[in-house]
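Novice: pasting a predicted model and its sequence here:
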Amino acid sequence: MARYDGSPDAFPGVRDTHPDLNLDRWPDPPVAAEEETDEWSEDDTAERVVDLRPPSDPADWATSYDTGVYSSSFSLDAPLPPLPADSEPYGTADPVVTNDPVVTSDPLVADEPFEPIEPSGSYGSYEPYEPHEVQHSEEPTYEGRRRHAAASVPEIVRSRPEPLRSDWGIPAIPMEALTGADSLTADSVLRYQRLKPQSGWRKGVYSMTRGKINFGLSPADRHQADLLAAARTPITGCHRLAVISLKGGVGKTTTTAALGAMFATLRGDRVIAVDANPDRGTLGERTPRESGATVRHLLESRDRLFRYADVRHFTSQAPTRLEVLASDADPSASLAYSEQDYRDTVSTLERFYNLILTDCGTGLLHSAMHGILGLANSLVVVSSASLDGARSASATLDWLEAHGLDDLAKDAVVVISSVRQAGGIVDVMQLEDHFAARCRAVVTIPYDPHLEAGGVLDLDELAPDTLDAYRELAAAVAEGFPGAATR
C-alpha cells in the first residue's frame with residue numbers, strides 16, 4: 001500500500017493521463033507524526049504528534065488530505081488548479097487503463113498483481129476492489145452426463161450418391177417414329193393376346209377351353225403383376241439397404257434373409273446379404289453353408305479380389321440365388337467390426353453386386369453402425385407386433401431424426417413382424433397407422449411356423465399369406481430405388 005509523500009511523482013498515472021496539470025502548484029500536505037522510538041536525541045521536537053483530525057472550520061477542509069493509513073483507496077478533495085482554455089474539463093477525458101504491471105519501489109505494493117479498475121464519475125475517485133466469491137457449478141446429474149455423452153458421439157458422415165456415368169457413349173432410346181426396317185416393331189405387327197389368368201375361375205375357364213376363352217387377369221392377378229414389376233425396378237449402380245432395429249428378437253435377421261431371397265428370386269441381378277453384427281450374428285445360419293469364410297477373411301484378401309469368381313470363395317449361396325457373407329463368430333477374436341471395416345467391405349462388394357443388404361446389430365452407437373448409416377441408401381426398420389417392439393422401432397426413428405438422418409427416417413419401410421401366433425391384445429392396425437404417418441410404407445408379416453424355427457430359410461415352405469407379404473415388402477423397398485422415379 002502506498003503513502004502520499006507530497007511529491008508530484010507520487011501519482012505517475014495522473015501526470016501521464018493529464019499532462020496539462022501543474023502538479024507543482026499543489027499545496028503541501030500536513031506533516032505526519034513520526035513514529036516513537038525508544039531512542040531520544042536533542043534534534044527531536046518537543047511536540048511530536050500532529051493532530052490530523054478534520055478542522056472545525058469547513059473553510060479549511062479544502063487544504064486537507066485524507067490518505068488513510070495502509071488503505072487501498074484515496075481521495076483528493078482539494079480544488080484542482082485551472083486548466084488552459086483549450087483543454088477539456090475535469091472528468092471528461094477517459095483515463096488510460098492498461099494491464100501493464102506497475103513498477104514501484106514501495107515494498108508494500110511491489111508483489112501485488114495489477115488489477116484494472118473502472119473509473120468513476122469524477123476524476124481521481126475510484127471504487128475499492130472487493131473480492132467476490134467464485135460460484136462453483138453443481139455436480140452434473142446422471143441425465144446431464146448421459147446427454148453430454150450422446151452429444152459427443154461422432155457425426156455420421158453420409159456418402160453422396162454416385163452420379164450417373166454419362167461418359168460411356170451410350171445413346172438414348174429413340175422415341176420418334178423410325179423408318180425402314182426399324183419401323184417393323186412388335187407393337188405394330190404382332191397381335192397380343194390377353195395375359196393368362198393365374199388364379200380363380202378365370203384360370204379354370206381358360207384351362208377347360210384350352211385357351212380359347214380368356215377373360216384376362218383378375219384383380220388379384222393384376223395386383224401381383226404390379227408387385228412383380230415394382231420389385232424388378234432397375235438399379236443404377238449399387239443400392240445399399242440396411243435392416244436395423246434397437247431391440248433383439250423382433251425378426252430382423254429373418255427379415256434380411258427373406259427379403260434378400262425374394263429379391264434374388266424376382267430379380268436377375270446379383271444380391272448379397274452381409275452380416276454386420278459386431279457380436280456373433282446368425283445370418284449365415286439361414287442359408288446352407290458353402291464356405292467357412294467370414295467377413296474378416298474377405299477383408300484380409302480384399303486386395304487380391306479381381307473377379308466375381310474370387311468373391312464366391314467367401315460367400316454361401318442359397319437355392320434362391322441369394323448370397324450371404326457371414327460375420328466373424330470366433331470367440332477368441334479381439335478386434336470388433338468397426339466402421340472402417342464395413343466401409344472396406346462395401347467398397348469391395350459393390351464392384352460385383354447390384355444390391356447389398358446389411359443385417360445390423362441391435363445398437364446404434366457402435367462404430368460399425370456409423371459406417372452402415374453413412375453408406376445406406378435406404379432403411380428397413382423391423383418391429384415386432386408388441387408394445388415394447390413398437391416403442392423400440394419408433395425410438396429408432398427418433399434417433400435418426402435427432403442425428404440429422406431425417407431423409408432416411410422418412411424414406412424408411414417399417415416391417416411389423418408377427419413372431420408369435422395371433423390372438424394377442426395388441427392392435428396391429430394402430431401400429432400400422434402410427435408408422436405410416438412417419439415413414440414411406442408399412443408392411444405386416446403374418447406369423448409363420450417356418451420362420452419361427454430359425455433354421456435355413458426356404459421360400460417354398462412359407463404359407464401363401466407370408467409369401468405375399470414378402471412380395472409386398474420387396475415391392476415397397478424397390479419403389480425407393482433410383483430407377484423407380486423414371487419407370
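Specialist: Perfect, thanks for sending it.
Novice: excluding sequence neighbours, find me the nearest residue to Gln421.
Specialist: Excluding the flanking residues, the one nearest Gln421 by C-beta to C-beta, 6 or more residues apart in numbering is Tyr447, at 5.1 Å. Heads up, the C-betas are built off the backbone N, CA and C, glycines and all.
Novice: quick one: that neighbour from Gln317, how far?
Specialist: 28 Å (C-beta to C-beta, to the nearest Å).
Novice: please apply the same query to Glu285.
Specialist: 15 Å.
Novice: who's in contact with stretch 388-398?
Specialist: 244-247, 250, 364, 381-384, 409, 412, 414, 416, 431, 434-435, 438-439 (C-beta atoms under 8 Å, 6 or more residues apart in numbering).
Novice: just the C-alphas of it, formatted as PDB.
Specialist: Presented in PDB, the C-alpha positions along stretch 388-398 are these (Å, rounded to 0.1, in the frame of the first residue of the first chain):
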ATOM      1  CA  ASP A 388     -42.100 -52.900 -26.500                       C
ATOM      2  CA  GLY A 389     -41.100 -53.800 -30.000                       C
ATOM      3  CA  ALA A 390     -43.100 -50.900 -31.500                       C
ATOM      4  CA  ARG A 391     -41.600 -48.500 -29.000                       C
ATOM      5  CA  SER A 392     -38.100 -49.600 -29.900                       C
ATOM      6  CA  ALA A 393     -38.800 -49.200 -33.600                       C
ATOM      7  CA  SER A 394     -40.300 -45.700 -33.000                       C
ATOM      8  CA  ALA A 395     -37.300 -44.800 -30.900                       C
ATOM      9  CA  THR A 396     -35.100 -45.800 -33.800                       C
ATOM     10  CA  LEU A 397     -36.800 -43.300 -36.000                       C
ATOM     11  CA  ASP A 398     -36.500 -40.700 -33.200                       C
END
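Novice: helix, strand, or coil at Pro171?
Specialist: coil (DSSP: H, G, I helix; E, B strand; the rest coil).
Novice: quick one: buried ones out of the contacts of stretch 388-398?
Specialist: 244-247, 250, 364, 381-384, 409, 412, 414, 416, 431, 434-435, 438-439 (16 or more other C-beta atoms under 10 Å).
Novice: so the residue nearest to Gln421 touches Val419, yeah?
Specialist: Yes. Using C-beta atoms under 8 Å, Tyr447 makes contact with Val419 at a distance of 7.2 Å.
Novice: any chance you could map the strands in the protein?
Specialist: In the chain, the segments counted as strands under DSSP state E are 239-244, 271-275, 316-317, 323-325, 355-359, 378-384, 413-417, 441-445.
Novice: got TSV for those strands, with mean pLDDT too?
Specialist: Compiled in TSV, the strands of the chain are given as follows (pLDDT from 0 to 100):
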stretch	mean pLDDT
strand 239-244	95
strand 271-275	95
strand 316-317	93
strand 323-325	95
strand 355-359	95
strand 378-384	94
strand 413-417	94
strand 441-445	95
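Novice: would you turn those into a markdown table with distance to Leu462?
Specialist: Shown next, in a markdown table, are those (distance: least, C-beta to C-beta, whole Å):
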| stretch | distance to Leu462 |
| --- | --- |
| strand 239-244 | 18 |
| strand 271-275 | 17 |
| strand 316-317 | 19 |
| strand 323-325 | 18 |
| strand 355-359 | 18 |
| strand 378-384 | 17 |
| strand 413-417 | 13 |
| strand 441-445 | 10 |
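Novice: check contacts around Ala273.
Specialist: Ala273 makes contacts with Thr256, Ala257, Gly260, Leu283, Leu322, Glu323, Val324, Leu325, Ile356, Leu357, Thr358, Asp359, as judged by C-beta under 8 Å, 6+ apart.
Novice: next one: the residue nearest to Asn214 when sequence neighbours are not counted from Leu357, what distance?
Specialist: Of all residues not flanking Asn214 in the chain, Arg194 sits nearest, at 4.8 Å (C-beta to C-beta, 6+ apart). Distance from Arg194 to Leu357, counting by C-beta to C-beta: 36 Å.
Novice: what does Ser418 give?
Specialist: Going from Ser418 to Leu357 by C-beta to C-beta gives 21 Å.
Novice: name the nearest residue to Asp221, sequence neighbours excluded.
Specialist: Nearest one to Asp221, counting by C-beta to C-beta, 6+ apart, is Gln198 at 4.7 Å.
Novice: what number of residues lie near that neighbour?
Specialist: 15 (other C-beta atoms under 10 Å).
Novice: that one against Gln224, yeah?
Specialist: Yes. Gln198 is within contact range of Gln224, at 7.1 Å (criterion: C-beta under 8 Å).
Novice: re the thing from before, just give me the closest of the contacts of Ala273 to Ala309.
Specialist: Using C-beta to C-beta, Glu323 is the member of the contacts of Ala273 that sits closest to Ala309, with 12.7 Å.
Novice: could you give the bridge partners of that closest one?
Specialist: Listed by DSSP bridges, the beta-bridge partners for Glu323 are Ile272, Gln317.
Novice: doesn't Arg270 make contact with it?
Specialist: Yes. In this structure, Glu323 is within contact of Arg270 by C-beta under 8 Å, at 7.4 Å.
Novice: list residues touching both of the two?
Specialist: In contact with both Glu323 and Arg270: Tyr353, using C-beta under 8 Å, 6+ apart.
Novice: which one's more surrounded, these two?
Specialist: Glu323 (24 against 18).
Novice: how close does the more buried one sit to Asp310?
Specialist: On the measure of C-beta to C-beta, Glu323 and Asp310 end up 13 Å apart.
Novice: do the same with Ala225
Specialist: 38 Å.
Novice: cool, and Ser378?
Specialist: Counting by C-beta to C-beta, the gap from Ser378 to Asp310 is 28 Å.
Novice: out of these two, which sits in the busier spot?
Specialist: Taking neighbours as other C-beta under 10 Å, Ser378 and Asp310 compare with Ser378 leading, 19 against 12.
Novice: pretty sure the more buried one contacts Asp407?
Specialist: No. With contact defined as C-beta under 8 Å, Ser378 does not reach Asp407; the gap is 9.8 Å.
Novice: which stretches of this structure have low pLDDT?
Specialist: For the chain, applying pLDDT under 70 flags the ranges 1-169, 174-178, 192-193, 329-335, 422-424, 483-487.
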